[in-house]
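In: Here's my sequence, what's the structure:
(2 chains)
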Number of protein chains: 2
Amino acid sequence: MNRSTLVKEIKKKESYLCVGLDTDINKIPSHLKGSPDPIFEFNKYIIEATIDLAVAYKPNIAFYECYGTSGWESLQRTIEWMPKDVFTIADAKRGDIGNTASMYAQAFFQTLQFDSVTVAPYMGEDSVTPFLQFKDKWAIVLGLTSNSGSKDFQQLSLSDSTFLYEEVLKKVAQWGNEENTMFVIGATKAEAFKHIRTIVPKHFLLVPGVGAQGGSLEEVSKYGLNEEVGLLVNASRSILYADSTQDFAKAARREAQAIQQEMATYLQRSLLISE
Amino acid sequence: MNRSTLVKEIKKKESYLCVGLDTDINKIPSHLKGSPDPIFEFNKYIIEATIDLAVAYKPNIAFYECYGTSGWESLQRTIEWMPKDVFTIADAKRGDIGNTASMYAQAFFQTLQFDSVTVAPYMGEDSVTPFLQFKDKWAIVLGLTSNSGSKDFQQLSLSDSTFLYEEVLKKVAQWGNEENTMFVIGATKAEAFKHIRTIVPKHFLLVPGVGAQGGSLEEVSKYGLNEEVGLLVNASRSILYADSTQDFAKAARREAQAIQQEMATYLQRSLLISE
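Out: Model prediction:
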């Protein structure tokens, strides 16, 4: 999916919500556990219940990979079943060089047909550019994350007094462009968004950490929205596990709707949609 | 596999060779391509031909993942078939936080029963420590790699004049210990090994980049070997694709043997084995 289609979908649905499919077999309602592929079954219900409220879905690949081949089958079924008008993100945080990076790109862009994959920057340019060679596909590169460990390296000061994550944003933005590159920016650093927008004013930012992880959607939206929206905000657990009974899908929809309605307000405030 | 067993195996085989199973369907001999699982079939021949010469095998996960479910089946067959007295490395370069990192650890340590997995450090402590909670399992964390992109971030100077990769080595060494943590150090930076050994004198280092990638085994061994060996040196393409005919396994063995014999010399020089 290209940028203009993504922006159009956001404006149509009045939502920049991404639903994270961190589907944990131990947390899904017990009545689904007897089905042949409970993870896929759960995903299907969640997607159906939220499809008019979310513009993106983001399977967390670890949750599938941990079951080996059968987990990859659940992932493959989920992505094949996914409606075509949503933006799909493989949250895989892959990072390797040259030919190996191309193989990962092939895995997610061709074999599984995701629109995008999250990428770790530590190995530098030749670990990022192989993901930028596919038409209408995206690398979503780790910038500043919201976990406690982000201080260990991302927030180290370099000799020119900038932080490492700033250097990552600057360099990666040069390797690609705003049509094939996004950045992961954690929501609990809302005060950092204003600054980040001076470095990457035009790029889309994927923001995890709203909802169960405690980030403020209002703050993120205030500083993060740009003239072409430029934000995808992810919620996972707060939607997926809103309820553990047969009503889980309805509860998921209610959670997603509350977020979508809040987002519609912020899109109106920023004059990105009319009231 | 724990450290003392690994060291014992190295001394027994007089080898610290790791064979990288970067198995590319386009490069394997054509007579294997008709078999039900050519990638697994090729791996079996390679392992059989080198088992007395190599102490470790390292499937490059991208080469399996790019085929989705069927690739994971080849990987699973390979690891299940692997002799128990070799050290196995999932070259996956995973890096995510908390619960997600635990899921990746489960994927490689429990579902697939690898001894170790390569890990990317960008997200910090809570992305590394989940891999250190498994008995006799290892996190092999990216330190300094040998690709051109290593200059983009790894070799940036911090405000205290150290390089980022030095800070990574120091911090990660504190999170774990030399019984559960190794580092990836690229071979084309042989002159850096002396310095790296002042930061992590006791840790095992996994060294890719010897062979087709051009690093010098002699230099790496001179500066990298420590009193408990402390090195695993990987070769992939130079062994796997030494010959593309029916004789590929014999040719692979010849290549591996040349490296093993060179290694035996360096082990003798360092008085780690007797002449």
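
In: Would you map the helices across the stretch 51-200 of chain A?
Out: Assigned by DSSP state H, counting those that start in this stretch, the helices in the stretch 51-200 of chain A fall at A:62-65, A:69-81, A:98-105, A:125-128, A:164-175, A:190-199.

In: Quick check: residues of the stretch 101-250 of chain A near chain B?
Out: Residues of the stretch 101-250 of chain A found near chain B, taking CB under 8 Å from any CB of the partner chain as the criterion, are A:101, A:103-104, A:106-107, A:111-112, A:120-128, A:142, A:145, A:147-154, A:156-159, A:161, A:164, A:167-168, A:171. C-betas here are computed from N, CA, C, even on glycine.

In: Now with 6 Å, please.
Out: By CB under 6 Å from any CB of the partner chain, the residues of the stretch 101-250 of chain A that approach chain B are A:103-104, A:106-107, A:111, A:120, A:122-127, A:142, A:145, A:147-150, A:152-153, A:156-159, A:171.

In: which of these are buried?
Out: Listed as buried from those are A:103-104, A:106-107, A:111, A:120, A:122-127, A:142, A:145, A:147, A:149-150, A:152-153, A:156, A:158, A:171; burial here means 16 or more other CB atoms under 10 Å in any protein chain shown.

In: Filter the residues you listed down to the ones in strands?
Out: Under the assignment DSSP state E, those contribute residue A:142 to strands.

In: coming back round to it: could you dump the helices of the stretch 51-200 of chain A into a markdown table with distance to residue A:19 added?
Out: Below are these laid out as a markdown table (distance: least, CB to CB, whole Å):
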| stretch | distance to residue A:19 |
| --- | --- |
| helix A:62-65 | 14 |
| helix A:69-81 | 12 |
| helix A:98-105 | 23 |
| helix A:125-128 | 26 |
| helix A:164-175 | 26 |
| helix A:190-199 | 21 |
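
In: Make CSV out of the ones you listed and add distance to residue A:16 and mean pLDDT.
Out: What follows is the helices of the stretch 51-200 of chain A, written out as CSV (distance: least, CB to CB, whole Å; pLDDT from 0 to 100):
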stretch, distance to residue A:16, mean pLDDT
helix A:62-65, 23, 97
helix A:69-81, 21, 96
helix A:98-105, 25, 96
helix A:125-128, 24, 97
helix A:164-175, 20, 98
helix A:190-199, 14, 89
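
In: what's residue A:196 in contact with, if anything?
Out: When contacts are counted by CB atoms under 6 Å, 6 or more residues apart in numbering or on different chains, residue A:196 touches residue A:185.

In: Could you rerun that using 7 Å?
Out: For residue A:196, the contacting residues are A:169, A:185, by CB atoms under 7 Å, 6 or more residues apart in numbering or on different chains.

In: pLDDT score for the nearest residue to residue A:251 once chain neighbours are set aside?
Out: Excluding its sequence neighbours, the residue lying closest to residue A:251 (CB to CB, 6 or more residues apart in numbering or on different chains) is residue A:243, at 3.3 Å. Note on residue A:243: pLDDT of 94.

In: From chain B, how far out is residue A:243?
Out: The gap separating residue A:243 from chain B is 20 Å, by CB to the nearest CB, to the nearest Å.

In: neighbours around that residue, how many?
Out: Number of residues near residue A:243 (other CB atoms under 10 Å in any protein chain shown) recorded here: 15.

In: ok so, going back, among the helices of the stretch 51-200 of chain A, which is nearest residue B:198?
Out: With CB to CB as the criterion, residue B:198 lies closest to helix A:164-175 of those, at 23.1 Å.

In: Now residue A:23: phi and psi?
Out: phi -80, psi 110 (degrees, to the nearest 10).

In: Contacts only, for it.
Out: By CB under 7 Å, 6+ apart, the contact list for residue A:23 reads A:39, A:42-43, A:63, A:240.

In: give me that answer again for 8 Å
Out: The contact partners of residue A:23, taken as CB atoms under 8 Å, 6 or more residues apart in numbering or on different chains, are A:39, A:42-43, A:46, A:59, A:63-64, A:74, A:240.

In: Could you check the pLDDT of it?
Out: For residue A:23, the pLDDT comes out at 97.

In: Tell me the pLDDT of residue A:146.
Out: Residue A:146 is given a pLDDT of 89.

In: can you list contacts of the helix or strand harbouring residue A:10?
Out: Per DSSP states H and E, residue A:10 falls inside helix A:3-13. Taking contacts as CB under 8 Å, 6+ apart, the residues outside helix A:3-13 that touch it are A:16, A:52-55, A:85-87, A:178-179, A:204, A:228-229, A:260, A:267, A:272-273.

In: gap between that helix and the chain center?
Out: How far helix A:3-13 lies from its chain's middle: 15 Å, per CA atoms, centre = their mean, to the nearest Å.

In: Buried residues, it. List them.
Out: With burial defined by 16+ other CB under 10 Å, the residues of helix A:3-13 counted as buried are A:3, A:6-7, A:9-11, A:13.

In: Kindly report the same for stretch A:23-38.
Out: By 16+ other CB under 10 Å, the buried positions in stretch A:23-38 come out as A:23-24, A:28-29, A:32, A:38.

In: before we move on, what about stretch A:174-183?
Out: Along stretch A:174-183, these residues count as buried under the neighbour rule (16+ other CB under 10 Å): A:175-176, A:178, A:180-183.

In: May I have that stretch as CSV, with CA atoms only?
Out: The C-alpha trace of stretch A:174-183 is given here as CSV (Å, rounded to 0.1, in the frame of the first residue of the first chain):
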residue,chain,number,x,y,z
GLN,A,174,18.5,9.9,4.0
TRP,A,175,18.7,6.2,2.9
GLY,A,176,15.0,6.1,2.1
ASN,A,177,12.2,8.7,1.8
GLU,A,178,8.8,9.3,3.3
GLU,A,179,7.2,7.0,0.7
ASN,A,180,9.1,3.8,1.9
THR,A,181,10.3,4.5,5.4
MET,A,182,8.6,5.0,8.8
PHE,A,183,10.0,5.1,12.3
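
In: Count the neighbours of the spatially closest residue to residue A:273 that is not a sequence neighbour for me.
Out: Distances taken as CB to CB, 6+ apart put residue A:267 closest to residue A:273, at 4.6 Å, once the chain neighbours are dropped. Applying other CB under 10 Å, we find 22 residues neighbouring residue A:267.

In: show me what contacts residue A:267?
Out: Applying CB under 8 Å, 6+ apart to residue A:267 gives the contacts A:10-11, A:14, A:16, A:225, A:229, A:273.

In: now swap in residue A:170 and tell me
Out: residue A:199.

In: Run through chain A and note the low-pLDDT ranges.
Out: Residue ranges of chain A with pLDDT under 70: A:189, A:211-214.

In: Report the angle between the top helix by length along it and helix A:3-13.
Out: As assigned by DSSP state H, the longest helix anywhere in chain A is helix A:248-269. Interaxial angle, helix A:248-269 versus helix A:3-13 (axes from the mean of the first three to the mean of the last three CA atoms, to 10 degrees): 110 degrees.

In: Determine how far helix A:248-269 lies from the middle of the whole chain.
Out: The chain centre lies 17 Å from the centre of helix A:248-269; the measure is CA atoms, centre = their mean.

In: And the contacts of residue A:23, which is closest to chain B?
Out: Nearest to chain B among the contacts of residue A:23 is residue A:63, at 5.7 Å by CB to the nearest CB.

In: In contact with the closest one, which residues?
Out: Neighbour list for residue A:63: A:21-24, A:39, A:71, B:100, B:103 [criterion: CB under 8 Å, 6+ apart].

In: go on, residue A:40?
Out: Listed by CB under 8 Å, 6+ apart, the contact partners of residue A:40 are A:74, A:77-78, A:81.

In: Show me which of these is closest to residue B:197.
Out: The closest of the contacts of residue A:40, once distances to residue B:197 are taken by CB to CB, is residue A:74, at 44.8 Å.

In: Spatially, what comes nearest to the closest one if we skip its sequence neighbours?
Out: residue A:39 (4.1 Å).
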